[in-house]
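Enquirer: Next one to model:
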Amino acid sequence: MKKTYNIKGMTCNGCVASVEEKISNIDGVKSVKANLEKGELEIDSEKLFSVTALKNVLPDKYAITEKESIHTETISFTEQKSKWQQLKPLFLILFYIAVASNLMEYKNWEFKNVMLNYMGLFYIVFSFFKFLDLKGFPDSFKMYDPIAKRIGVYGWVYPFIETALGLLFLFRVEIPLALVVTLVILGATTYGVVKTLLDKKAIKCACLGTALNLPMTEATFIENTIMIMMALTMLFI
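Expert: Below is the predicted model of the structure:
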């Protein structure tokens, strides 16, 4: 069952991620979505929770009140449609990266160089979006990445790691090292993504930071898998 609450005190995307994480840890909660602009908190759970129960897991800065919420099949259909619409920026970015990777080698096209270009541009572009909200990214990232959950500073340095890897691939420097690091960090993230999908938790994907409101879907798994397969291919060719 779904219920919507009014919530005050959220001032940034980091607050949104923090609220969603704390509420999602309550037993019986299937999914949670906080809306910064509307000041709303939507919870899908096995049972209804009192306002007091929700307040107990959140810092005092957040104020929650009940709000009447009506959910019909029509609303569910609209939400499902908007979910795929939200993924449009991700698909467009991956498409442009693929095109640019090939155009960079149009004079002397080689599959190996195209892959290196793709991996380099992938990291540079994706790290750029993370830098747009560097303060809010770590909170969103640790909701599913196992390393970020255990090592708090990892979420803060991750965008810098991506930038460094992107430069290594584009400038063809220390490629073997960059490939190994890619397997480690994306392997860990992919594990977290798969676990989140299997647990059917509705959380935001931090792959493009918090600037874009992207839901965690199979598309996140696919984009990471592509990079992992490229890294494995490059190590053995």
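
Enquirer: ranges for the strands of this structure?
Expert: 2-8, 29-35, 40-45, 63-67 (DSSP state E).

Enquirer: what's the spacing between the first one and its chain's center?
Expert: The chain centroid and the centroid of strand 2-8 are separated by 23 Å under Cα atoms, centre = their mean, to the nearest Å.

Enquirer: between it and strand 63-67, what angle do the directions make?
Expert: With axes from the mean of the first three to the mean of the last three Cα atoms, to 10 degrees as the basis, strand 2-8 and strand 63-67 are set at 140 degrees to each other.

Enquirer: what's the straight distance from one end of stretch 104-116 to the other?
Expert: Terminal residues of stretch 104-116 are spaced 11 Å apart (Cα to Cα, to the nearest Å).

Enquirer: Can you pull out the residues in contact with that stretch?
Expert: For stretch 104-116, contacts defined as Cβ atoms under 8 Å, 6 or more residues apart in numbering pick out Ser101, Asn102, Asn117, Phe169, Leu170, Arg172, Ile175, Met230, Thr233, Met234, Ile237. C-betas here are computed from N, CA, C, even on glycine.

Enquirer: Near Thr217, how many other residues are there?
Expert: Thr217 has 18 neighbouring residues, counting by other Cβ atoms under 10 Å.

Enquirer: okay, now the domains of the chain?
Expert: The record's domain split for the chain, according to automatic domain parsing, is 2-71, 80-235.

Enquirer: Please name the residues that touch Phe8.
Expert: Heads up, residue 8 is Lys, not Phe. Contacts of Lys8 were listed using Cβ under 8 Å, 6+ apart, and they are Gly39, Tyr62, Ala63, Ile64.

Enquirer: distance of it from Leu36?
Expert: In this structure, Lys8 lies at 11 Å from Leu36, with Cβ to Cβ, to the nearest Å as the measure.

Enquirer: before we move on, back to that, buried subset of the contacts of stretch 104-116 as a PyMOL selection?
Expert: Once 16 or more other Cβ atoms under 10 Å is used to decide burial, the buried members of the contacts of stretch 104-116 can be selected in PyMOL as follows:
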select buried, resi 101+117+169+170+175+230+234
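
Enquirer: Output the contacts of stretch 104-116 in TSV, with pLDDT and distance to Leu186 appended to each entry.
Expert: What follows is the contacts of stretch 104-116, written out as TSV (pLDDT from 0 to 100; distance: Cβ to Cβ, whole Å):
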residue	pLDDT	distance to Leu186
Ser101	97	18
Asn102	97	22
Asn117	97	18
Phe169	97	13
Leu170	97	18
Arg172	96	20
Ile175	96	16
Met230	95	10
Thr233	93	14
Met234	92	13
Ile237	75	19
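
Enquirer: Could you save the contacts of stretch 104-116 as TSV and add columns showing distance to Asp133?
Expert: As requested, these are exported to TSV (distance: Cβ to Cβ, whole Å):
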residue	distance to Asp133
Ser101	27
Asn102	31
Asn117	27
Phe169	25
Leu170	24
Arg172	31
Ile175	30
Met230	27
Thr233	33
Met234	31
Ile237	37
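
Enquirer: now the helices: where do they sit in this protein?
Expert: Using DSSP state H, the helices assigned to the chain run over residues 13-24, 51-55, 73-86, 88-103, 111-131, 137-141, 146-150, 152-170, 175-198, 218-235.

Enquirer: So for the third one, mean pLDDT?
Expert: The reference is to helix 73-86. For helix 73-86, the mean per-residue pLDDT is 51.
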